[in-house]
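Asks: quick one, what's the 3D model for this:
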Amino acid sequence: MRDELLEQLEEWHEQDEFEEIVDAITAIDVEERDYELIGHLGRALNNLERYEEAVEQFLTVAEEGQDDPLWHYRIGLAYYYLEQYEKARAAFENADRLDPGDEDTQEFLEWIRSKTAEKPAEETAQEKVYSVPAISMEQSIVSDPDSTDFWNDHAEALENWVMLSPTDEQVEAVEERLVFKLPRAYVDMMKIHNGGVPRYRYIPVSEAGSAEKRLIEISGMLGIGQEKKHSLCGEEGSRFIIEQGGYPEIGVVLCKCPSESEVIMLDYRASDNAGEPEVVHVDKENNYKITWLAPDFDTFVRSLVNEDNRRPDITDSI
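Replies: Numbers count the residues shown, from 1 in each chain. All right, here's what the predicted structure looks like:
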């Protein structure tokens with residue numbers, strides 16, 4: 001029966017009957033859809049230009065797909081047409097690493113390079129508007145959440161922070177308990193690696209009246225779930241930290257800091273629950289001072305740096 005279905009799916013694909021593929025697979029219970037079926041479904045959604053849905057499907061089998069160049073290629077294609085070029089680049093680079101020399105992969109990488117080369121002025125303007133730290137790649141390693149070496153999975157991190165990829169149902173359950181809708185970029189990232197200790201644990205922030213930036217350090221990022229001590233709904237999760245520490249009710253604790261009097265939070269005051277929360281630092285010892293860090297989660301995580309690769313002569317004249 002299964003062999004007949006797979007044969008039929010391939011036949012529909014050859015005939016460009018992509019809706020038939022989607023209808024057939026979505027008629028199957030979610031629990032019964034395996035890696036191969038999700039691959040067929042995601043490919044069909046890509047061909048129907050339903051790229052956001054394709055990404056959602058591919059991310060449900062992200063763990064199984066890490067060593068499959070085809071999985072990286074297909075999700076990279078979806079990211080490309082969603083104009084999420086950095087995520088697309090990372091996916092295609094992984095596909096190229098696992099299957100070197102594929103012509104289609106190389107072609108997408110060339111397109112991405114040409115697309116991103118056209119944007120420096122626009123990106124510079126955005127950095128000025130939001131005061132996002134501008135740091136030379138030669139002077140520090142800037143974090144890439146799609147990079148395989150973003151996380152430091154040492155024993156303590158695996159025991160207390162890292163969890164299995166959350167299902168859509170688990171994400172909804174956590175959002176209901178927190179009473180906040182989590183940023184899409186954060187959810188996507190957690191579906192690939194759910195919580196943990198980043199290698200890039202410092203974010204530079206500007207100080208009023210000072211030409212130099214100071215570094216705020218994080219000790220770990222809370223994942224989606226409740227089974228680990230350091231998770232959003234865990235034993236020492238967001239609600240526990242806010243209630244025990246008397247932190248302001250502005251959103252969700254995203255990261256812990258080495259000091260128990262500091263946290264990084266998703267701040268929903270400007271966006272309400274329908275928009276994209278900003279990212280802020282809250283210092284309990286300084287009368288709960290709130291310091292703005294980034295306009296959204298994606299900008300925040302890509303602004304993290306590794307202190308070991310940060311030189312004293314960092315400037316903003318990039």
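Asks: any low-confidence regions in the stretch 51-200 of the chain?
Replies: Applying pLDDT under 70 to the stretch 51-200 of the chain flags the ranges 118-149.
Asks: could you pull out the helices in this protein for me?
Replies: Taking DSSP state H as the criterion, the chain contains helices spanning 2-14, 18-26, 35-47, 51-60, 62-65, 69-81, 85-98, 103-117, 120-130, 155-160, 168-178, 184-192, 238-245, 297-303.
Asks: turn the ones you listed into a markdown table, including mean neighbour count and distance to K284.
Replies: Bear in mind the C-beta positions are built from the backbone N, C-alpha and C, glycine included. Below are these laid out as a markdown table (neighbours: other Cβ atoms under 10 Å; distance: least, Cβ to Cβ, whole Å):
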| stretch | mean neighbour count | distance to K284 |
| --- | --- | --- |
| helix 2-14 | 13 | 56 |
| helix 18-26 | 17 | 48 |
| helix 35-47 | 21 | 44 |
| helix 51-60 | 21 | 35 |
| helix 62-65 | 17 | 36 |
| helix 69-81 | 22 | 38 |
| helix 85-98 | 21 | 34 |
| helix 103-117 | 14 | 40 |
| helix 120-130 | 11 | 25 |
| helix 155-160 | 13 | 22 |
| helix 168-178 | 16 | 20 |
| helix 184-192 | 21 | 23 |
| helix 238-245 | 16 | 6 |
| helix 297-303 | 21 | 20 |
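Asks: the ones you listed: which one's closest to S271?
Replies: Distances from S271 to each of the helices of the chain were compared using Cβ to Cβ; the minimum, 11.7 Å, belongs to helix 297-303.
Asks: average pLDDT for that closest one?
Replies: With pLDDT averaged residue by residue, helix 297-303 scores 91.
Asks: give me the packing partners of that helix, helices and strands only.
Replies: Counting contacts by 3 or more Cβ pairs under 8 Å, 6 or more residues apart in numbering; DSSP states H and E, helix 297-303 is packed against helix 184-192, strand 202-206, strand 278-283, strand 289-294.
Asks: mind checking which of those is nearest D16?
Replies: Among these, the nearest to D16 by Cβ to Cβ is helix 184-192 (28.8 Å).
Asks: excluding chain neighbours, what is closest to E262?
Replies: D283 (5.4 Å; Cβ to Cβ, 6 or more residues apart in numbering).
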